[in-house]
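Undergrad: Just need the structure, nothing else, for what follows:
(one chain, ligands or ions: 2)
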Amino acid sequence: MQRDVLSGYWHPTVNMAAPRSCALWDYYGRRWSRVMRGCWLPRLRSSWPGNPLGARLLSQQNQATKTHFGFETVSEEEKGGKVYQVFESVAKNYDVMNDMMSLGIHRIWKDLLLWKMHPFPGTQLLDVAGGTGDIAFRFLNYVQGQHQIKQKRQLRAQQNLSWEEIAQKYQNEEDSLGGSQVMVCDINKEMLKIGRQKACARGYKTGLAWILGDAEELPFDDDKFDVYTIAFGIRNVTHIDQALQEAHRVLKPGGRFLCLEFSQVNNPLVSRLYDLYSFQVIPVLGEVIAGDWKSYQYLVESIRQFPSQEEFKEMIEDAGFQKVTYENLTSGIVAIHSGFKL
Ligand SMILES: COc1cc(O)cc(C/C=C(\C)CC/C=C(\C)CC/C=C(\C)CC/C=C(\C)CC/C=C(\C)CC/C=C(\C)CC/C=C(\C)CC/C=C(\C)CC/C=C(\C)CCC=C(C)C)c1O
Ligand SMILES: C[S@@+](CC[C@H](N)C(=O)[O-])C[C@H]1O[C@@H](n2cnc3c(N)ncnc32)[C@H](O)[C@@H]1O
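TA: Ligands and ions are numbered 1, 2, ... in the order given. As a prediction, this is how the structure comes out:
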């Protein structure tokens, strides 16, 4: 990861002159670039292209606003739109494609995320980039299960209750989550639409809200949630550091950040096979099942652009989280990062 001298954002692979550790260079580099953008660049531009210093500065400035969309270099402004198009295009086939590509393994990864979270009745969850609701539905099931266990324990303790009272306690649907709520926030209308349809079909009525919003600018107050999750989402966000800061802002003190994301494979044999599988099979599956080679090419390319476990851990710490840890799953094909707002 390197920090963009002009914008101050972290980028996975953009080649910048300043090494990450060189704080002074970063500081003066940014100050210098602000001065240049503010007053000198317009003047130098007037004598374009005959001015070699100006030409170099302009090309540096153009480079600085670049980021990645898979292996393609695009402007930061373009990236959001391109990501939107990808998920608009894959939304209808999203769930079936995940099962096909991973042979159902993505379900185990998501279950593990919930076990790590271990929510209790009353937990307020924000699931960012929540798409078609896989994390939200698991959360509701988990909390419902926990609530039933708690109710059973309480009922056993109150042995003098009548059968009517017991039945009533079980049937009170409003209370089946013990006050827990999950808000699914996603930037893409089509993904949320599929999520809502799934929720209706599965009979989820309470404790669930669908919100259109950007991870970089969350439409929520400070200190609102107990847990923030983002599964397979942060890789697609243009300014990851901004999204992490927003995660920190909306969590209550003591709240937990959990991220499930593709990461770096730590076994050379698995890595070779995984690369072969990713580049030779996944886009083909995308084309055959969803008629969409490009979106799945973006998927495998974006996985390779995402920072390593350690680099991402540092970014989470930079956003203010403490006790940051990660756990590799399936040889590091994915990792779960965890951090606390203390
Ligand atoms: C646009 O953005 C997106 C769109 C989306 O729909 C989803 C997402 C977000 C993504 C997810 C939620 C999950 C997506 C899942 C993946 C990207 C796949 C993750 C991969 C695995 C869990 C499997 C890991 C695979 C390996 C370690 C390599 C093993 C590979 C092989 C044995 C095959 C090697 C391939 C070749 C030699 C190429 C030629 C082969 C063929 C033509 C035969 C095709 C073979 C198959 C279909 C077999 C598939 C095998 C597996 C899945 C292996 C499972 C076994 C293990 C885990 C060891 C999003 O952002
Ligand atoms: C691969 S899907 C993950 C969906 C779900 N979390 C899951 O695990 O199945 C990535 C999601 O990130 C969303 N996304 C991309 N950029 C976003 C942003 N800036 N803010 C919020 N959501 C975003 C996409 O719309 C898409 O629904």
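Undergrad: Report the distance from the helix or strand His248 falls within to the chain centre.
TA: Mapping His248 onto the secondary structure by DSSP states H and E places it in helix 240-250. The chain centre lies 11 Å from the centre of helix 240-250; the measure is C-alpha atoms, centre = their mean, to the nearest Å.
Undergrad: next SSE after that helix?
TA: strand 251-262.
Undergrad: going on from that next one, what's the next piece of helix or strand?
TA: Toward the C-terminus, strand 251-262 is succeeded by helix 268-276 as the next helix or strand (DSSP H and E).
Undergrad: Check which residues of that next one are buried.
TA: Along helix 268-276, the positions that meet the burial threshold by neighbour count (16 or more other C-beta atoms under 10 Å) are Tyr274. Every residue, glycine included, has its C-beta placed from N, CA and C.
Undergrad: Which residues outside it are in contact with it?
TA: Around helix 268-276, the neighbours that count as contacts under C-beta atoms under 8 Å, 6 or more residues apart in numbering are 265, 331, 333.
Undergrad: Say whether ligand 1 is contacted by that helix.
TA: Yes: under the criterion of C-beta under 6 Å from any ligand atom, helix 268-276 makes contact with ligand 1 via 270, 273-274, 276.
Undergrad: same question, stretch 110-120
TA: No: for stretch 110-120 and ligand 1, the contact criterion (C-beta under 6 Å from any ligand atom) is not met; the two come no nearer than 8.0 Å.
Undergrad: how far away is Asn160 from ligand 2?
TA: 46 Å (C-beta to the nearest ligand atom, to the nearest Å).
Undergrad: Name the helix or strand for that residue, please.
TA: Per DSSP H and E, there is no helix or strand for Asn160.
Undergrad: quick one on the thing from earlier: closest to Cys200 among the residues of helix 268-276 next to ligand 1?
TA: Relative to Cys200, the closest of the residues of helix 268-276 next to ligand 1 is Tyr274; by C-beta to C-beta it sits at 36.4 Å.
Undergrad: Now do the same for the closest one: its pLDDT.
TA: Confidence per residue is given as pLDDT, and for Tyr274 that number is 98.
Undergrad: Take the residues of helix 268-276 next to ligand 1 and lay them out in CSV including distance to ligand 2.
TA: Written out in CSV, the entries for the residues of helix 268-276 next to ligand 1 read as follows (distance: C-beta to the nearest ligand atom, whole Å):
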residue, distance to ligand 2
Val270, 22
Leu273, 22
Tyr274, 18
Leu276, 22
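Undergrad: Out of those, which comes closest to Gln245?
TA: Ranked by distance to Gln245 (C-beta to C-beta), those are led by Tyr274 at 31.7 Å.
Undergrad: What average pLDDT does stretch 334-342 get?
TA: This predicted structure assigns stretch 334-342 an average pLDDT of 98.
Undergrad: quick one: that stretch near ligand 2?
TA: No: in terms of C-beta under 6 Å from any ligand atom, no part of stretch 334-342 sits within range of ligand 2; the closest distance is 10.5 Å.
Undergrad: who touches that stretch?
TA: For stretch 334-342, the external contacting residues (C-beta under 8 Å, 6+ apart) are 109, 112-113, 116, 248, 251-263, 309, 312-313, 316-317, 320-329.
Undergrad: The stretch 151-300 of the chain against ligand 2: which residues are in contact?
TA: Counting by C-beta under 6 Å from any ligand atom, the residues of the stretch 151-300 of the chain that sit close to ligand 2 are 186-188, 191, 214-216, 231-233, 236-237.
Undergrad: Tell me how far Ile240 lies from Val324.
TA: Here the distance between Ile240 and Val324 works out to 15 Å (C-beta to C-beta, to the nearest Å).
Undergrad: What of Cys185?
TA: With the distance defined as C-beta to C-beta, Cys185 ends up 22 Å from Val324.
Undergrad: between those two, which one's more packed in?
TA: Neighbour comparison, Cys185 and Val324: the larger count goes to Cys185, with 24 against 18 (by other C-beta atoms under 10 Å).
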